[in-house]
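Participant: next input, structure requested:
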Amino acid sequence: PMGAYERAIDQLNWLQPEFVMSVGDFVEGYTTVQKEMDEQWNEFEEIIGKLEMPFFYVRGNHDINMPLTRKAWAERRGPQYYHFKYKDVLFIVLDTEDAERPTPENMEEDIATYNRLKKEDPKKAMAWMIEWMKTPEAQEAFGHDAKVEFPEKQIEWFEKVLEENKDVRWTLLFMHEPCWDNPSDSFKKIDAAIQDRDFTFFAGHTHYYDYDLINGHEYITVASAGAAFTHEGPGNVDHLTWVTMTEDGPKIAGIALKGIFDRKGLDPKMFGAYDRAPQLGPTEAENTQTQHDDKQ
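Facilitator: From the prediction side, this is the model:
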């Protein structure tokens, strides 16, 4: 919904975390027009500039999908992947967009169609997006079968970071695409390198919340903060993810945007906009949960 991301920024300022991590896709991207690219980034930077704590970027496919958008990232954001330590916790940001991939044909026109529908009829726009994601072109680029490749240079950097930070109490990893859903050989190298320590993965990309417990480790795909819903099911939610580190590892809470309000009270006009997830009947909901449990 309009204003959802801005409201998320307000809510973070009310909650006052030490800093904010992300999982990518800050601009629409998919443009060959410099003026449009500049406008998209200027708008986002104005919004994020209201945040009262540090914000850490992660590259998403919308951010660096074409030569012009890659250039904009290099000029405005800098690093593709990086790490830091905070209170003996290692934070690693990986780049799932490091290896270039083809952009679906007519992507600019498709995004324009979706944005037009979103203004005219949000429900129709969501239905259009769900159907578009089923097309062969979208599945090849963004679907479950689209394996993410990590260049050897990034893998070597990752292994070096782990070697230099052996004794941290936990490792939190952030990247855009949930590569564990359909792992490439290169992601399997990354995953294997970290199995001997305590860690948690966070990703996004699908706009749909999902939780996987693999070999005793948590792999979490967060949903959105106002982006288009691309699937049907209970994972459609606009939210923040709150992480608190304890001696026993991270405590993780998903907080729906419509569940947070400031000292002045609820704003029904704003929060009513968040009730946009498609309603599921009992059978469909049960089937979705069964699939989720099988993945674990």
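Participant: list the buried residues for the helix or strand that contains E159?
Facilitator: E159 is part of helix 152-164, with elements assigned from DSSP states H and E. Neighbour counts using 16 or more other CB atoms under 10 Å place Q154, I155, W157, F158, V161, L162 of helix 152-164 among the buried residues. From N, CA and C alone the C-beta is placed, and that goes for glycine too.
Participant: mind listing what the last one touches?
Facilitator: By that I understand L162. L162 makes contact with T171, A193, I194, R197 under the criterion CB atoms under 8 Å, 6 or more residues apart in numbering.
Participant: in this structure H176 contacts V58, no?
Facilitator: Yes: with contacts counted by CB atoms under 8 Å, H176 reaches V58, the gap being 5.8 Å.
Participant: any residues in contact with both of these two?
Facilitator: In contact with both H176 and V58: V23, G24, D95, using CB under 8 Å, 6+ apart.
Participant: can you put these in CSV and add distance to E45?
Facilitator: As requested, those are exported to CSV (distance: CB to CB, whole Å):
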residue, distance to E45
V23, 18
G24, 15
D95, 20
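Participant: okay, the buried residues of helix 152-164 in CSV with distance to L90 and pLDDT next?
Facilitator: Formatted as CSV, the buried residues of helix 152-164 follow (distance: CB to CB, whole Å; pLDDT from 0 to 100):
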residue, distance to L90, pLDDT
Q154, 17, 98
I155, 17, 98
W157, 14, 98
F158, 11, 98
V161, 8, 98
L162, 8, 98
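Participant: A helix includes I92, no?
Facilitator: No: under DSSP: H, G, I helix; E, B strand; the rest coil, I92 falls outside any helix and is assigned strand.
Participant: may I have the beta-bridge partners of it?
Facilitator: When bridges are called by DSSP bridges, I92 pairs up with H83, L173.
Participant: who's in contact with T113?
Facilitator: W128.
Participant: just say helix, strand or coil for it.
Facilitator: helix.
Participant: distance check, it against I9.
Facilitator: 28 Å (CB to CB, to the nearest Å).
Participant: all strands of the stretch 101-250 of the chain, in order?
Facilitator: Counting by DSSP state E, counting those that start in this stretch, the segments of the stretch 101-250 of the chain that form strands are 170-174, 199-203, 210-214, 217-221, 239-246, 249-256.
Participant: could you dump those strands to CSV with distance to K118?
Facilitator: Output for the strands of the stretch 101-250 of the chain, formatted as CSV (distance: least, CB to CB, whole Å):
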stretch, distance to K118
strand 170-174, 28
strand 199-203, 24
strand 210-214, 24
strand 217-221, 23
strand 239-246, 20
strand 249-256, 21
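Participant: most packed of those?
Facilitator: strand 199-203 (a mean of 22; mean count of other CB atoms under 10 Å).
Participant: ok now that strand, how far from the chain's centre?
Facilitator: Computed by CA atoms, centre = their mean, to the nearest Å, the chain-centroid distance of strand 199-203 equals 11 Å.
Participant: what's the angle from that strand to strand 239-246?
Facilitator: With axes from the mean of the first three to the mean of the last three CA atoms, to 10 degrees defining the directions, strand 199-203 sits at 170 degrees from strand 239-246.
Participant: just the C-alphas of strand 199-203, formatted as CSV.
Facilitator: Below are the C-alpha coordinates for strand 199-203, written out as CSV (Å, rounded to 0.1, in the frame of the first residue of the first chain):
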residue,chain,number,x,y,z
PHE,A,199,24.3,-19.1,12.4
THR,A,200,21.0,-17.8,11.0
PHE,A,201,20.3,-16.8,7.4
PHE,A,202,17.9,-14.0,6.3
ALA,A,203,16.7,-13.3,2.8
